[in-house]
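A.B. asks: fold the following.
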Amino acid sequence: MSIAKDTEEKRVDNREKAMLLFTFQLLLDKGYVDTAASLASEFSLSLDQYTICENIDLNSIFIDFEAYYNMRFQRYPQYFKKISAGGATVGESLLMKLSKKNGGRNNTGSSRLRRGGPMADGDLLSANSSEPLELNISNNVNPRCCNNEKLLKPISGLEFGNDEMRYFADIIQREIVVQDLETKWDDIIGLENAKMILMESMVYRNEFTEFFGDALPPWKGLLLYGPVGTGKTMLARAVASECGTTFFNISTACLVSKWRGDSEKMMKVLFDLARYHAPSTIFFDEFDALASNRDTSSESDASRRLKSELLQQMDGLLTNCESQPPVFILAATNLPWELDPAVVRRLEKRVYIPVPNTQERAGILKHHFAKTAQGVARNSKGKNSIVCNLDFEAVANATVGYSGSDLQHVVKEAVVLKFRETFQDKSKLRKLIIDSQDVARALKNVSSTVKAEQDKKFKNLESSFTT
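C.D. replies: The predicted model follows:
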């Protein structure tokens with residue numbers, strides 16, 4: 001009996017803890033950061049020890065409960081009611097309950113509002129107190145509450161037709177990038193044309209509103225295409241960090257559903273949210289997986305409906321109205337020839353992202369070696385260092401056809417090989433000197449991921465595809 005009782009008490013404790021954690025996550029998702037921090041402090045939640053499972057939240061619990069309740073009682077549950085009807089009180093208000101709890105605690109000092117133990121004096125004020133409420137946030141509060149991440153408007157301000165659409169909105173809201181990705185324009189070597197178009201579309205339109213107005217609206221969409229590892233995703237990271245827009249990082253997985261009709265509904269909700277949080281950027285990575293050519297016999301009806309909704313949202317009957325908030329579409333693909341022509345037409349600018357030339361390769365190598373050296377010095381607090389005795393022009397001439405990602409791997413391989421060579425003698429680890437021989441050995445282990453025939457195919461497409 002004792003074991004069963006302990007098990008049941010543990011289950012009750014876990015249930016109450018889950019309620020608090022779900023409430024905390026809901027407050028964060030809705031943008032009530034201060035309230036979430038207060039809740040974490042009040043209940044001493046150890047936020048650094050827990051995370052919410054991806055397949056459950058308060059909204060999904062309520063939806064499942066409503067389905068069960070309706071199936072059992074043939075009606076939906078009533079969650080709350082007004083405390084008076086025709087002047088007669090039918091219940092005790094939540095404010096009265098709070099006042100009673102507050103008053104009882106102030107009188108006795110021993111009232112418990114939570115399972116974890118008594119609260120310290122002064123945590124809550126009585127209902128008639130005029131002193132301001134001062135919160136003492138503990139160190140257990142999740143750093144996401146207190147850093148400089150972008151705060152989003154609560155989606156309660158957006159009207160949805162039903163709870164299902166709100167549920168989809170909660171899912172897509174999680175794809176918004178709120179943290180700083182720490183990628184600057186200067187971190188991208190070359191690709192000046194692509195950077196200029198992005199600046200015109202999202203930065204200059206705010207700084208030069210008298211020029212980029214109704215007479216000359218900024219670009220609405222940009223397609224980045226080219227071989228793998230040439231910097232397409234890095235440009236997107238710079239947009240998320242530098243442009244100050246609400247950045248939606250969308251993959252096929254967050255839009256495709258096994259239930260009929262849900263995928264196109266989620267696509268519509270995505271653009272509704274983007275307009276609600278405008279100015280916004282919607283980034284589609286591996287865009288060919290979502291917008292491939294519809295002129296194929298193997299395409300399913302669900303895929304065709306999803307693409308139709310995408311086309312409608314990108315450039316439909318009402319999307320060009322002046323009242324529509326600015327939403328910029330940024331897409332990246334390694335297979336541009338597989339995109340549907342209607343989708344390509346809606347992306348006004350299409351920029352080829354090639355493998356870097358000799359000058360750009362030298363700049364990329366310098367950048368990555370310098371970044372690695374700075375990281376080693378910072379992590380060791382100045383005790384260790386990396387010195388490069390290299391002719392970067394010679395190394396650039398030896399890496400023709402290498403992409404930016406390949407060059408980053410070359411730098412990492414050269415440093416690791418030098419480390420392996422000297423790690424037994426700890427005194428030599430204080431200063432790793434990278435020379436041309438180390439890079440030559442690294443090049444034997446790292447080959448170009450861009451094949452010559454693939455690069456030729458992109459160049460043949462460029463003349464008729466790029467705008």
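A.B. asks: next one: the biggest helix by length in the chain to chain centre, how far?
C.D. replies: If you go by DSSP state H, the chain has its longest helix at helix 2-30. When distances are taken as CA atoms, centre = their mean, to the nearest Å, helix 2-30 is centred 28 Å away from the chain's centroid.
A.B. asks: show the contacting residues for the residue nearest to residue 341 when sequence neighbours are not counted.
C.D. replies: Excluding the flanking residues, the one nearest residue 341 by CB to CB, 6 or more residues apart in numbering is residue 293, at 7.6 Å. C-beta coordinates here come from the backbone N, C-alpha and C atoms, glycine included. Contact analysis of residue 293 by CB atoms under 8 Å, 6 or more residues apart in numbering lists 338, 339, 340, 341.
A.B. asks: neighbour-wise, which one of those residues leads?
C.D. replies: residue 339 (22 neighbours; other CB atoms under 10 Å).
A.B. asks: and that one, backbone torsions?
C.D. replies: phi -80, psi 150 (degrees, to the nearest 10).
A.B. asks: and if you look at residue 296?
C.D. replies: phi -130, psi 140.
A.B. asks: ok, it - how many residues close by?
C.D. replies: Other residues near residue 296 come to 11 when the count uses other CB under 10 Å.
A.B. asks: distance of it relative to residue 307?
C.D. replies: For residue 296, the distance to residue 307 equals 12 Å [CB to CB, to the nearest Å].
A.B. asks: what stretches of the stretch 101-250 of the chain score poorly on pLDDT?
C.D. replies: Filtered on pLDDT under 70, the stretch 101-250 of the chain yields the residue ranges 101-154, 156-157, 161, 206, 209-210, 212-215.
A.B. asks: show me the helices in the stretch 151-300 of the chain, by range?
C.D. replies: 163-173, 192-202, 204-207, 232-242, 262-276 (DSSP state H, counting those that start in this stretch).
A.B. asks: how about the ones you listed, which one is nearest residue 411?
C.D. replies: Nearest to residue 411 among the helices of the stretch 151-300 of the chain is helix 232-242 (15.3 Å), distances taken as CB to CB.
A.B. asks: distance between whatever helix or strand comes next after the longest helix of the chain and the chain's centre?
C.D. replies: Next helix or strand after helix 2-30 toward the C-terminus (DSSP states H and E): helix 33-43. When C-alpha coordinates are averaged (CA atoms, centre = their mean), helix 33-43 and its chain have centres 23 Å apart.
A.B. asks: just stretch 34-46 next, same as before
C.D. replies: On CA atoms, centre = their mean, the centre of stretch 34-46 falls 24 Å from that of its chain.
A.B. asks: tell me the mean pLDDT for that stretch?
C.D. replies: The predicted model assigns stretch 34-46 a mean pLDDT of 78.
A.B. asks: buried sites along that stretch?
C.D. replies: Neighbour-count burial for stretch 34-46 flags 36, 37, 38, 39, 40, 41, 42, 43, 45 (criterion: 16 or more other CB atoms under 10 Å).
A.B. asks: for those, which one is nearest residue 198?
C.D. replies: Using CB to CB, these come closest to residue 198 at residue 36, 33.7 Å.
A.B. asks: just give the closest residue to residue 39, not the sequence neighbours.
C.D. replies: residue 24 (5.6 Å).
A.B. asks: what is the neighbour count of the one you found?
C.D. replies: Residue 24 - counted by other CB under 10 Å - has 23 other residues nearby.
A.B. asks: against residue 33, how distant is the residue most central in space within the chain?
C.D. replies: The chain has residue 177 as the residue nearest its centroid, 2.9 Å off, counting by CA atoms, centre = their mean. Between residue 177 and residue 33 the distance is 17 Å, computed by CB to CB.
A.B. asks: same check on residue 20?
C.D. replies: 16 Å.
A.B. asks: ranges for the strands of the protein?
C.D. replies: 84-85, 88-89, 176-177, 221-225, 246-250, 280-284, 327-333, 349-352, 385-389, 431-435 (DSSP state E).
A.B. asks: dump these to JSON lines, plus distance to residue 263.
C.D. replies: As requested, those are exported to JSON lines (distance: least, CB to CB, whole Å):
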{"stretch": "strand 84-85", "distance to residue 263": "44"}
{"stretch": "strand 88-89", "distance to residue 263": "49"}
{"stretch": "strand 176-177", "distance to residue 263": "19"}
{"stretch": "strand 221-225", "distance to residue 263": "21"}
{"stretch": "strand 246-250", "distance to residue 263": "12"}
{"stretch": "strand 280-284", "distance to residue 263": "14"}
{"stretch": "strand 327-333", "distance to residue 263": "18"}
{"stretch": "strand 349-352", "distance to residue 263": "26"}
{"stretch": "strand 385-389", "distance to residue 263": "49"}
{"stretch": "strand 431-435", "distance to residue 263": "50"}
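A.B. asks: among those strands, which is nearest residue 53?
C.D. replies: Taking these one by one with CB to CB, strand 176-177 is closest: 20.0 Å.
A.B. asks: what lies in contact with the closest one?
C.D. replies: Residues outside strand 176-177 that contact it (CB under 8 Å, 6+ apart) are 152, 240, 246, 247, 248, 249, 277.
A.B. asks: what's the neighbour count on the second one?
C.D. replies: It stands for residue 240. By the criterion of other CB under 10 Å, residue 240 has 25 neighbours.
A.B. asks: quick check: closest non-adjacent residue to it.
C.D. replies: Once chain neighbours are set aside, the closest to residue 240 by CB to CB, 6+ apart is residue 247, at 4.1 Å.
A.B. asks: circling back: quick check: buried residues in the longest helix of the chain?
C.D. replies: 17-18, 20-30.
A.B. asks: and of those, the nearest to residue 457?
C.D. replies: residue 29 (44.1 Å).
A.B. asks: give the contact list for that closest one.
C.D. replies: Contacts of residue 29 (CB under 8 Å, 6+ apart): 57, 170, 173, 174.
A.B. asks: next: residue 221.
C.D. replies: Counted by CB under 8 Å, 6+ apart, residue 221 has contacts 314, 328, 329, 330, 331, 346, 347, 348, 349.
A.B. asks: wait, the last one sits on residue 223?
C.D. replies: Translated: residue 349. Yes: at 7.1 Å, residue 349 counts as touching residue 223 under the criterion of CB atoms under 8 Å.
A.B. asks: which one of the two is surrounded by more residues?
C.D. replies: residue 223 (27 against 18).
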